[in-house]
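Chemist: please find the sequence and the predicted model below.
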Amino acid sequence: MNRTACPNLFSPINLGNREIRNRVALAATLTNFGRDNTITDRWVSFLVERARGGVGLLVSEIIAVDPEALAQQAIVTGFDEHNEAGFRETARLVDAAGGALLGQLWHPGRQQLWHPTRSPIGVSEQPDSLSWTVPHVMSATEIERVVGAFVKTAHRLARCGFAGVELHGAHGYLISQFLSPWSNTREDAYGGDIDGRTRFVREIAAGIRETCGANFIIGLKMPGDEGVPGGIDPTESERLTRCFTATEYFDYFSYGQGNFSLSLETHVPDLHFRPGHFIEIHKQMRTASNGIPVMALGRINSPALAEQIITDGYGDLVGMARALIADAAWAEKAKTGRTDIRPTVFDNWCWGEVHMGKPLAEHHNPYLGALGEALSEDCIETTAVPKSVAVVGAGPAGLEAAWVAAARGHRVNLYGASTDVGGRLRLDVELPGRAEVAAILSYQQQMAERHGVVMELGQRVDATTVLDGQPDAVVLATGATLRRPPGLSLDADPVTAADFFVSNHTNQHSAGGALFFDMDHGASAYGVVDLMVQYFDHVILVTPRTQIAQNVNYCSAIGIHRRLHHAQVEIVTAHDLVDYRENTVTCRNVFTGEDRRFEEIDDVIYVTPRIVIDTLEPLLTARVDVDRVGDCQSPRNLMAAIHSGHLVGLSL
């Protein structure tokens, strides 16, 4: 890709009276980098590093406009003076880097689910669809107060140097609660027909425009498709767009999908959705916006797709969050034709971390939110004392350690038992809907080749082979293996580890049934079930826990349940696997001790807590310095594997 490969994506665009340098936009994403409702250095750096990485328009994460909007301590306040210094510094640094900074103004309304004393307020006496919490219904006076809170917060951000604001009216928050006939059953001036349901937003926008002036950008994020009967669908969203366009208050529109019902799965479409899954909705909205720019959103990551969106008229801006979480310099790399963009694979790991109240984290971006994050891989400090390093294991942990150590100037040999890199993650790629995970391995392999890692694949090495290379240091990344189900009778018929099933399954369909025993609860485990339903007439999923998918983020877990139910997988919770013989499986209730039998079972496939593979270390430690990374240190998740490999690579 040459410098002009994405000419439309990197052409300027006017939002109102403000020129934005290109069409790449950071869509608002919660980071949980705030602390005690206060802006932190990491909160600032997350935005600034993406501006330094070439993004044109940056929308901050949610900013609370009202004390009743404070859901938890990581959300920063915009309704008082507390964060003004942080706002000013962020705006100054983003502007200096060539970006335009907008603040996303937010009120959760009835979805104020986390704070023990803040009262959920709502448009109608309809329960929140996630928690079934019933809000206090806002009076006209209370609505007027909240309108004023939005306006005052926008004015504060304008004084602090922000280029504008985005009103968050998607995903079932307060603004969308007014807009949607599904949630708004009011009979006063703020309900009923489209004029009433849009009044709240129009009053906010009018107040901001009057207070902040014509040069202040006002964007509106609203539902494209709520995904619920009687809610906002694309046809209704088009009507809303025409209504808001007529006001002449707004400088761009963007459209999110889903709300806090089961349609929340579409809010962050994962790797089971198509790339750019919802761009047709955005194209439809452009026909209604009368030339006001539209930001396309949802599962967009490649420069080619982003360029297509602009070229083919799906959107005027391309909003991305997960792609820019993975690589702060996505825009600069795309503009200059670099092929080493750290890919996002849309498994929603990062979203899951935030949803659990943790700071934002990403599989293979150890520098997320740190000063100097953009193009950090170009700035790895070289060592003054080059070493010979042997890395044993070519999975994601070993690959990461190998390329980082080589980037530091060490001479690195990477040994792998398979002819392909990837280790167990390569099996994950074989599962239905998970092929995109291979992009992580491709990136790591590209970096290893760039920095001169010598790859010796297709051989399972012993200690003698490693020591024959006379390494100064050895990194063991030999992984872990699934253990036999701990409660299974010792004389039971043979059962099959999931790794073996994925590696050796045939295309021959079985007319019988299969049982999947789940002691993992990760996304890959249910990928195995997705594969099983292609080969067995009936699949039973058994777990000792009281529910399934406990190690999967909530949005992707909805998709797992949907696929399992459509495939008619029988789900049995709170049961342990105790016996398998003559095609009959016995499972035992973990609470009552009662047994349950399943007959005509042709295979039992399991995922269990893994056992470290560490046969080499005892033979090496007396001869050479040894570090462990990834699963052979402690079997955990992909992020732990990659981050541990990166840190060891830096430490050598």
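Modeler: Yes, it's here.
Chemist: mind telling me what element S60 is part of?
Modeler: strand 57-64 (DSSP states H and E).
Chemist: one more: E89?
Modeler: Counting by DSSP H and E, E89 is found in helix 84-96.
Chemist: on that earlier part again, ok and the strand holding S60 relative to helix 84-96, angle-wise?
Modeler: Relative orientation of strand 57-64 versus helix 84-96 (axes from the mean of the first three to the mean of the last three CA atoms, to 10 degrees): 170 degrees.
Chemist: could you say what helices and strands strand 57-64 packs with?
Modeler: Contacts defined by 3 or more CB pairs under 8 Å, 6 or more residues apart in numbering; DSSP states H and E place strand 57-64 against strand 24-26, helix 41-52, strand 76-77, strand 100-106. For glycine as for every other residue, the C-beta is placed from the backbone atoms N, C-alpha and C.
Chemist: could you give the average pLDDT over it?
Modeler: Mean pLDDT, computed over strand 57-64, is 98.
Chemist: same check, this time on stretch 532-550
Modeler: Across stretch 532-550, pLDDT averages out at 97.
Chemist: what's the span of it from first residue to last?
Modeler: One end of stretch 532-550 sits 20 Å from the other (CA to CA, to the nearest Å).
Chemist: buried sites along it?
Modeler: Neighbour-count burial for stretch 532-550, counted by 16 or more other CB atoms under 10 Å, picks out 532-533, 535-536, 538-544, 548-549.
Chemist: secondary structure and distance to L102 added to these, as a markdown table?
Modeler: What follows is the buried residues of stretch 532-550, written out as a markdown table (DSSP: H, G, I helix; E, B strand; the rest coil; distance: CB to CB, whole Å):
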| residue | secondary structure | distance to L102 |
| --- | --- | --- |
| M532 | helix | 46 |
| V533 | coil | 45 |
| Y535 | coil | 50 |
| F536 | strand | 51 |
| H538 | strand | 52 |
| V539 | strand | 48 |
| I540 | strand | 50 |
| L541 | strand | 45 |
| V542 | strand | 49 |
| T543 | coil | 44 |
| P544 | coil | 48 |
| I548 | coil | 39 |
| A549 | coil | 35 |
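Chemist: ok, of those residues, which one's closest to R88?
Modeler: Of all the buried residues of stretch 532-550, A549 has the smallest distance to R88: 43.3 Å, by CB to CB.
Chemist: these two touch, right, the closest one and S524?
Modeler: No - A549 is beyond contact range of S524, at 11.5 Å (criterion: CB atoms under 8 Å).
Chemist: run the angle between the helix holding E89 and helix 41-52 for me.
Modeler: Interaxial angle of helix 84-96 relative to helix 41-52 (the same axes, to 10 degrees): 20 degrees.
Chemist: now for helix 84-96, which elements pack on it?
Modeler: Right, helix 84-96 is packed against helix 41-52, strand 100-106, helix 140-159 by 3+ CB pairs under 8 Å, 6+ apart.
Chemist: kindly recompute the last result at 10 Å.
Modeler: helix 41-52, strand 57-64, strand 100-106, helix 140-159 (3 or more CB pairs under 10 Å, 6 or more residues apart in numbering; DSSP states H and E).
Chemist: what pLDDT does Q112 get?
Modeler: Note for Q112: predicted pLDDT of 67.
Chemist: before we move on, the earlier item: between the buried residues of stretch 532-550, which sits nearest M320?
Modeler: The shortest approach to M320 among those belongs to A549, at 26.4 Å (CB to CB).
Chemist: for M447, see how far away H355 is.
Modeler: For H355, the distance to M447 (CB to CB, to the nearest Å) stands at 30 Å.
Chemist: and for Y606?
Modeler: Distance of Y606 to M447, computed by CB to CB: 35 Å.
Chemist: perfect, that will be all.
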